[in-house]
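Participant: give me a 3D structure for the following:
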Amino acid sequence: MAGSSLDTQAHGSTDHNRLADLGYRQELSRVLSLFDNFSISFSYLSPMVGVYSLFVLGVGAGGPRYLWLMLPVVARNRSLP
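Facilitator: A predicted model of the protein is given here:
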């Protein structure tokens, strides 16, 4: 175990030296811009809008039968790996 951490540290310093040779500085920026925040919000809200739309469409078209037919679907999806 101790050897693997030394290998990781040696590899990390090699990466740092390689980046320096190429003219890059190793850094991790943790700042999100306004556009980044919008993109993340859009990526997880869009599927939810689709799920809600399909739910309304199913209830409107099938009524209570749609709710009962969702039980086998949910049960099947919970048993998948």
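Participant: so for whichever helix in the chain runs longest, mean pLDDT?
Facilitator: Scanning the chain for the helix with the most residues, using DSSP state H, yields helix 34-62. The predicted model assigns helix 34-62 a mean pLDDT of 88.
Participant: show the subsequent helix or strand relative to that helix.
Facilitator: Downstream of helix 34-62, the next assigned helix or strand under DSSP states H and E is helix 64-79.
Participant: ok and that next one relative to helix 34-62, angle-wise?
Facilitator: Taking axes from the mean of the first three to the mean of the last three CA atoms, to 10 degrees, helix 64-79 and helix 34-62 form an angle of 130 degrees between their directions.
Participant: so what does helix 64-79 touch, helix or strand wise?
Facilitator: helix 34-62 (3 or more CB pairs under 8 Å, 6 or more residues apart in numbering; DSSP states H and E). Heads up, the C-betas are built off the backbone N, CA and C, glycines and all.
Participant: show me what the helix it packs on is packed up against.
Facilitator: Helix 34-62 packs on helix 64-79, going by 3+ CB pairs under 8 Å, 6+ apart.
Participant: tally of neighbours for residue 55?
Facilitator: 13 (other CB atoms under 10 Å).
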